[in-house]
Structure formats: C-alpha cells, structure tokens
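S.K.: give me coordinates for this.
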Amino acid sequence: MSATAIAINAALSTAAYCMTVRMIPRFRGMFIKANLFGKDLCKKDQPQVPESYGVVIGCVFLVSMFIFIPVPFAFDEAAATDAVTGGKPDTFPHDKFVELIAALLSICCMIFLGFADDVLDLRWRDKLLLPTIATLPLLMVYYVNYNSTTVIMPNFARFLLGTSVNIGPLYYVFMGMLAVFCTNAINILAGINGLEVGQSLVIAGSVLVFNLIELSLGHQVESHAFSIYFMLPFFATSLALWKFNRYPSQVFVGDTFCYFAGMTFAVVGILGHFSKTLLLFFLPQILNFLYSTPQLFHFVPCPRHRLPKYDSKSDLLHISTTEFKLEELNPLGRLMVTILRKLKLISWQEVSTDGLVRTNNFTLINFVMVLFGPTHERVVTQILMGFQVLCTLMALIIRYPLANYFYTETSR
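M.R.: Just a heads-up that it's a prediction; the model follows:
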C-alpha cells in the first residue's frame, strides 16, 4: 500500500467532485429534451425534474478511476519496469491488476444496465437478474485469484462445526446475492428528495472510516487500500450529486445511481474481504427489506408505487396506504400482518363492515410517519439519514468490542 497512491486518488476525487458540480446543471436541458424527466409529486407545483442523473456521476467516477489505474503499480517496487528491457518483471502483481480491471468492468456493466432500466422500465424480476450478470466478472476473478470458500465459525458453534467450514459453491452464491441485495436495497429505500444519495454517502463514509481503522491496525493493508481507491471517488462524486438532489431536488438520480452505488459497495466488500462487515453498514436497508417483505413477495397487496402521499395544503407527507381483507390473505400473510399489528409497527383502520382494512405501505419512509404523524419531506430524509448514522455507530461497536466475544481472531 502506498500513501502516495491514496493521496493521488484523493486529488483525483477532488477533481471529480469539481467536474461533477459543473456538469450537473449543464446537462439538465439535455435530459429534459430527451424526455428523461419526471414530476416531483411531493411539491405544490409538481415541477419537471431531469432524472437518471446517476449515469452522469457514474461516468465521472469511471473516468477518474481509469486515470488512476496505473498509479498503484507505479509506486510498487514489484511492478517497476525493467530499466534494460523496458518490460514488466515476473514479480508484477497481475492478480491485483486484474482485480482492479474486473471491479471497474462490473461497475461499468451495472451503470449501463441501470440506465437501461431507467429508459426501458424493466420488471422487478429483471432487476434481480441485472446485478447477477454484472457480478460475473468479479466472481470469475475471485475464483481465479483466491477461490477461498472457507467461513470462520463463531466461538459458540466451533464445538459442532469446527473452527472453519468450507461451503464451496455456496460462497459464490452468497457473493452474488450480496451484489443483488446491495443494489436493490438502496433502490427500495428511496423516493424522496436526497434519500438515495444521502444513505449512500453515509455508507461510503462508514466504509472509509472502517478502512482507515483497519489500516491503522495493520490488518489486510492491501485489501483496505483497494477499498479506499474506490470509495474516495465514489464519495466525492456522490457528494456533488447530493448538492443538487437534496431537498428541494433539482435532479433525480434514477435507478442508475442505486445500481451503481450498490455494485460499488459490493465490489469493495467482496474484493476487500469484509463482506460481513459491509452488511453491518446496511442495517437500515436490511430492516427496510424485512419490513417490506410482506409486500415485496405479495403476501400483502403491493401497489406499484409506495411513496408517501403529499398534502399541498400543509406541505407535509402522509402515509400511503393499501387495502385488503385479512381473511383473503394466505396463512403466512395473515401471520405477518398480525405480528406487525401486535407490535404496533403498522397503522390499522377498518374501513368497512365486511372486513376490509387499510394499513400503511410497508417501508421505513412510511414508518417514520406512523411514528411521528404527517412530516415534512426534508425532515423525513434527515430522520432516515440520522438513523443511518446511528446504525453505523452500532455497526462499529459490533465489529470491534463485541466481535471479540464471538471470534478468537476477528474475521472480516
């Protein structure tokens, strides 16, 4: 790991931020002319806002990373060019070079597929397939370079399973599912000004803090330096986008950004060898997924859009609702709804004498209004981003002080 390489990466990230800030307002007219815009339904005048801006920052990110490709190897003695022949030595770290290229290829594929989703409006089943396709270069490189499929067991399970277990192909299934989850989890917790980019910024900042802690401890230095190489330009370009996407939004990010962000996190988690720790930083997204499960898997009726309702008179957001008859749900759906109702995690209103009930749509955005009542859009975003920061602090506590109780040697 070269401190010089990280410094150059930080300089390129700063340049990427400046470039993105200048580019975003200049492309607004072009996107609207191409019919890539939507109405901001949570505003009184419902203005036309250009969307799919994730493709812009994704391109800036890729350009900055393309320029950075030779930098880590320029300061590596094992990669130094032979002064006599002008060729690369046998000690050149081809495995690290291929990792970097494969990671960029997966992210590039995800940006392309995400933009295709924005333009073509693909079905949900296709959205699950796209990250799997984009992850293939990553998994193939992992197979060639490492093919390590061993999972370290926590202390309480070692008397049954031993210190570690080789799960074979299931490990690749897990990594593929990690990419699918990361991309779709950000997409599910979205829909109000600044939330997609805001949560991604907090997660990226959390990963950077974790990387710096690990570097200071001397743990897997190359892996965490690799993660920093990706997280710094991602954080910089996302910060520039958030400047225009926060309330009141001047641009929308589209599914392109959600896929781009999720794949970038999956890349550093898999090739940086801290996939389990990465999931700790996704606690709000995991909770939102679990809370949304009854509707996502259609145990409960799920409308196409579950965004909160906007009241133009009060300028506040209200819960959006769905209606159903409890006896018409299958047994598992009735069980889920009953548990959520008993725990007071959903609203409940009987709207007719024949058993028709009305509940809020099952998302964390609506849950904020179940707790606090009608809330301004800016405040909802601030609450959810604050919750994301709180979960990061919890994740770091779990990762460091508490992990020592479960692992003799903390695994990443």
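S.K.: okay, CA-based contacts and neighbour counts for the rest of this
M.R.: OK.
S.K.: mind checking the longest helix of this structure?
M.R.: If you go by DSSP state H, the chain has its longest helix at helix 94-120.
S.K.: ranges for the strands of the stretch 151-300 of the chain?
M.R.: 164-166 (DSSP state E, counting those that start in this stretch).
S.K.: quick one: low-confidence ranges for it?
M.R.: Along the stretch 151-300 of the chain, segments meeting pLDDT under 70 span 156.
S.K.: quick one, helices of it?
M.R.: 158-161, 169-188, 195-217, 221-245, 254-271, 275-280, 283-296 (DSSP state H, counting those that start in this stretch).
S.K.: turn those into JSON lines, columns for mean neighbour count and distance to Tyr142.
M.R.: Listed next are the helices of the stretch 151-300 of the chain as JSON lines, based on neighbours: other Cα atoms under 10 Å; distance: least, Cα to Cα, whole Å:
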{"stretch": "helix 158-161", "mean neighbour count": "11", "distance to Tyr142": "25"}
{"stretch": "helix 169-188", "mean neighbour count": "20", "distance to Tyr142": "9"}
{"stretch": "helix 195-217", "mean neighbour count": "20", "distance to Tyr142": "20"}
{"stretch": "helix 221-245", "mean neighbour count": "23", "distance to Tyr142": "13"}
{"stretch": "helix 254-271", "mean neighbour count": "27", "distance to Tyr142": "7"}
{"stretch": "helix 275-280", "mean neighbour count": "19", "distance to Tyr142": "13"}
{"stretch": "helix 283-296", "mean neighbour count": "19", "distance to Tyr142": "25"}
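S.K.: tabulate the ones you listed (TSV), appending distance to Leu329.
M.R.: As requested, the helices of the stretch 151-300 of the chain are exported to TSV (distance: least, Cα to Cα, whole Å):
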stretch	distance to Leu329
helix 158-161	40
helix 169-188	23
helix 195-217	32
helix 221-245	39
helix 254-271	31
helix 275-280	32
helix 283-296	11
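S.K.: so which bits of stretch 132-149 are buried?
M.R.: In terms of neighbour count (16 or more other Cα atoms under 10 Å), stretch 132-149 has its buried residues at Thr132, Ala134, Thr135, Leu136, Pro137, Leu138, Leu139, Val141, Tyr142.
S.K.: what sits up against it?
M.R.: 95, 98-99, 102-103, 105-107, 109-110, 166-169, 171-172, 175-177, 179-180, 267, 271 (Cα atoms under 8 Å, 6 or more residues apart in numbering).
S.K.: domains for this structure, by residue range?
M.R.: Domains of the chain are assigned by automatic domain parsing as 3-275, 282-412.
S.K.: please name whichever of the helices of the stretch 151-300 of the chain is nearest to Glu51.
M.R.: helix 254-271 (5.7 Å; Cα to Cα).
S.K.: one step back: buried stuff in the longest helix of the chain?
M.R.: 96, 99-115, 117-118.
S.K.: tell me what angle that helix forms with helix 221-245.
M.R.: 20 degrees (axes from the mean of the first three to the mean of the last three Cα atoms, to 10 degrees).
S.K.: what packs against helix 94-120?
M.R.: Counting contacts by 3 or more Cα pairs under 8 Å, 6 or more residues apart in numbering; DSSP states H and E, helix 94-120 packs against helix 54-68, helix 124-145, helix 254-271.
S.K.: next SSE downstream of the first one?
M.R.: The C-terminal neighbour of helix 54-68 among helices and strands, as given by DSSP states H and E, is helix 71-74.
S.K.: now that next one: buried residues?
M.R.: Buried-residue list, helix 71-74, by 16+ other Cα under 10 Å: Val71, Pro72, Phe73.
S.K.: least confident of those?
M.R.: Lowest pLDDT among these: Phe73, with 84.
S.K.: mind listing what's buried in stretch 43-51?
M.R.: Val49, Pro50, Glu51.
S.K.: which phi and psi values does the closest residue to the second one other than its chain neighbours adopt?
M.R.: Yep, that's Pro50 we're talking about. Nearest non-adjacent residue to Pro50, counting by Cα to Cα, 6 or more residues apart in numbering: Phe37, 4.0 Å away. Taking degrees, to the nearest 10, you get phi -150, psi 160 for the backbone angles of Phe37.
S.K.: burial measure for Ala5, as a count.
M.R.: Counted by other Cα atoms under 10 Å, the residues lying close to Ala5 total 20.
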